[in-house]
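**Q** just coords:
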């Protein structure tokens, strides 16, 4: 075996093992351990990219997925403080069956497409002239902004739509609110006015009732 | 450089030499000294004496021995593990913060030619990739502490890191556009020479806005004051490292200082001309196009007079130290922002400014190239 093959088996095996650990019981039961396994598998994938001379793709894989997306994942897991999933036996539902069929379809499609694409392809020696910059930042940049400009722009529009959609879904009200309305207090002008009338502005002990008074006033006003 | 005569062995030995010399001696040494300098500097700014008691006999060195006394103290303390369902994650977290902080120094060019541990084609993207990982150390450590103060700190860090990473990346894009590369050595070579014979062609003069954005966002990513809401001792006890003691705490603290050094080194590389010595030495980067071929880079170094190389390395280290000093000054001058202010600053001021800077740079470059 060449060094490249040995590295491939190490990296590929590691990626598969980490992905399996993400789903299977000992680690897969706890959301945070699943997330860590996923990060580890991203690293093996980045190694595979680097092995294929796609250094930029490897670096981007880590920046985007391990460095940003998974930080958000851990953020959400921590925010919800999810406990290890030990609630119920796994059940087969219609949704899961549908998901399985779809996944099988996608896997089949990927295998066919890759098979068809690789059938006519022949290995290229990257050491020969014209290929020494293969996978470099410059080369990938040129390709993105020349031959693949339209898909590139379309994908960025898609991401924009996704971002807008996420904002719409996450927002409770579509009206622009800079910050939550402060609770009514004695310092509200209108109320301070009333306050002076009712209490003559002398009794400091009365201040402790102020928030409650303010609510009552507001309610009666409406 | 011929060390043994065997070319493969030469490369390995030379890489090890660079690794030890730069990463272990300079970076780790700097980080260790910073543990004392930071406290002495704060004492100076607050009109106190600061740590000055550590001594061996009558030798005190103004308290410098604290940097040896502190690790000894840390090592002999109990490594406390809180009552947590994830003790192994708790113990692993400091390493997850420490290792990426050190690894990124591999791509920093600290001298001309091949004086760079790993000349990677992706250059600074590697620093972004690995550097963005040390957030996990703090976040997972905070989560595994099983403590609500730690958890609050961890939540704050993860949100803050995501917010400022976008801005710091965008602020540096202007530099990449001007020097036409993401390779740090190429960027340094691009900063050779002067404009009008006076102003050095440094990134800070080409991209002054980017420099301010970079420094602010990088300090925010390093979660130091005025952005240290993650440890906010007035609200969260000690934030994400509340439960850490002994060497776990030392590693987390040290990784913060290593990042201070990283911000200094990266800032010196991108904005202060790296190892270039303006006015005195020019045009030394001519041969650098052949840098990646091992056959060529070794003679390239030999073509340099040794004292010139030493002077250039020293220039880089001095620039890095100036930026480290600047960070300490900011650290002890500004009060801490409120958490919502930090987020608002990141998304509403830093990010739009970086975008505008990028657009203006693009337009300026277009005109510069056309006319």
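**A** Structure received. Please read these numbers as outputs of a predicted model, since none were measured by experiment.
**Q** Which residue does chain A have closest to chain B?
**A** Each residue of chain A has a distance to chain B, by C-beta to the nearest C-beta, and the smallest belongs to residue A:67, at 3.0 Å. Where you see a C-beta, it was placed from the backbone N, CA and C, and this is true even at glycine.
**Q** out of everything not next to it in sequence, what's closest to that residue?
**A** Using C-beta to C-beta, 6 or more residues apart in numbering or on different chains and skipping the chain neighbours, the partner closest in space to residue A:67 is residue B:132 (3.0 Å).
**Q** ok, now residue B:190?
**A** Once chain neighbours are set aside, the closest to residue B:190 by C-beta to C-beta, 6+ apart is residue B:179, at 3.6 Å.
**Q** tell me the contacts of the one you found?
**A** When contacts are counted by C-beta atoms under 8 Å, 6 or more residues apart in numbering or on different chains, residue B:179 touches B:186-187, B:190-191, B:203.
**Q** and of these, the nearest to residue B:226?
**A** residue B:203 (24.1 Å; C-beta to C-beta).
**Q** what's the neighbour count on that closest one?
**A** For residue B:203, the tally of surrounding residues (other C-beta atoms under 10 Å in any protein chain shown) stands at 28.
**Q** In this structure it contacts residue B:188, no?
**A** No: checked against C-beta atoms under 8 Å, the pair residue B:203 and residue B:188 is beyond contact range at 9.6 Å.
**Q** any residues in contact with both of the two?
**A** Listed contacts common to residue B:203 and residue B:188 are residue B:273; contacts here mean C-beta under 8 Å, 6+ apart.
**Q** Okay, now the unreliable bits of chain B?
**A** Along chain B, the model assigns pLDDT under 70 to residues B:1-5, B:197, B:279-307, B:371.
**Q** middle-most residue in it, spatially?
**A** Nearest to the mean C-alpha position of chain B, counting by C-alpha atoms, centre = their mean, stands residue B:262 at 1.2 Å.
**Q** And the nearest residue to residue B:335 once chain neighbours are set aside, how close does it get to chain A?
**A** Nearest-residue entry for residue B:335: residue B:226, 6.3 Å, with adjacent residues in sequence omitted and distances by C-beta to C-beta, 6+ apart. Counting by C-beta to the nearest C-beta, to the nearest Å, the gap from residue B:226 to chain A is 21 Å.
**Q** Give me the three-state assignment for residue B:226.
**A** Here residue B:226 is coil, with the state taken from DSSP: H, G, I helix; E, B strand; the rest coil.
**Q** does the residue of the stretch 201-350 of chain B found nearest chain A sit in a helix or strand, and which one?
**A** Distances from the stretch 201-350 of chain B to chain A, computed as C-beta to the nearest C-beta, single out residue B:340 as the nearest residue at 8.6 Å. Assessed by DSSP states H and E, residue B:340 sits inside helix B:339-344.
**Q** And that helix, what's buried?
**A** B:339, B:342-343 (16 or more other C-beta atoms under 10 Å in any protein chain shown).
**Q** do the same with stretch B:201-218
**A** Using 16+ other C-beta under 10 Å as the test for burial, stretch B:201-218 gives B:201-207, B:209-211, B:213-218.
**Q** how close does residue B:161 get to residue A:122?
**A** Distance, residue B:161 to residue A:122, using C-beta to C-beta, to the nearest Å: 45 Å.
**Q** what packs against whatever helix or strand residue A:13 lives in?
**A** Taking DSSP H and E as the definition, residue A:13 sits inside helix A:3-23. Other elements packing on helix A:3-23 under the criterion 3 or more C-beta pairs under 8 Å, 6 or more residues apart in numbering or on different chains; DSSP states H and E are helix A:25-28, helix A:31-51.
**Q** Buried ones in it, by neighbour count?
**A** Residues of helix A:3-23 classed as buried: A:8, A:11, A:14-15, A:18-19, A:21-22 (neighbour count, 16+ other C-beta under 10 Å).
**Q** With pLDDT added, can I get those residues in a markdown table?
**A** A markdown table is the format used below for the buried residues of helix A:3-23 (pLDDT from 0 to 100):
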| residue | pLDDT |
| --- | --- |
| A:8 | 88 |
| A:11 | 89 |
| A:14 | 90 |
| A:15 | 89 |
| A:18 | 88 |
| A:19 | 87 |
| A:21 | 84 |
| A:22 | 82 |
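**Q** Surely residue B:124 is in contact with residue B:182?
**A** Yes: under the contact definition of C-beta under 8 Å, residue B:124 touches residue B:182, with a separation of 5.2 Å.
**Q** Need the overlap of contacts for the two.
**A** Counting by C-beta under 8 Å, 6+ apart, the shared contacts of residue B:124 and residue B:182 are residue B:176.
**Q** Tally up the residues packed near residue B:75, please.
**A** A count of nearby residues for residue B:75, using other C-beta under 10 Å, gives 11.
**Q** Hmm, it is touching residue B:248, no?
**A** No: at 11.4 Å, residue B:75 does not count as touching residue B:248 under the criterion of C-beta under 8 Å.
**Q** quick one: which of residue B:161 and residue A:122 has more around it?
**A** residue B:161 (24 against 5).
**Q** which SSE is the more buried one in?
**A** In this structure, residue B:161 sits in helix B:148-179 according to DSSP H and E.
**Q** how far does that helix sit from the chain's center?
**A** Put simply, helix B:148-179 sits 14 Å off its chain's centre (C-alpha atoms, centre = their mean, to the nearest Å).
**Q** buried set for that helix?
**A** Within helix B:148-179, judged by 16+ other C-beta under 10 Å, the buried ones are B:149-179.
**Q** Quick one: the strands in the chain, in order.
**A** Unless you meant another one, I'm taking chain A. Here chain A has no strands by DSSP state E.
**Q** That was the other one, I meant chain B.
**A** Listed in chain order, the strands of chain B (DSSP E) span B:194-195, B:199-200.
**Q** in its sheet, what does the last one sit against?
**A** The strands beside strand B:199-200 in its sheet (DSSP bridges) come out as strand B:194-195 (antiparallel).
**Q** circling back: name the stretch among the helices and strands packed on helix A:3-23 that sits most buried.
**A** helix A:31-51 (a mean of 20; mean count of other C-beta atoms under 10 Å in any protein chain shown).
**Q** Show the model's pLDDT score for residue A:151.
**A** We note a pLDDT of 91 for residue A:151 in this prediction.
**Q** That one: neighbour count?
**A** 10.
**Q** What average pLDDT does the longest helix anywhere in chain A get?
**A** For chain A, the helix reaching the highest residue count under DSSP state H is reported as helix A:94-119. Per-residue pLDDT over helix A:94-119 has a mean of 88.
**Q** That's all I had, so thanks and see you.
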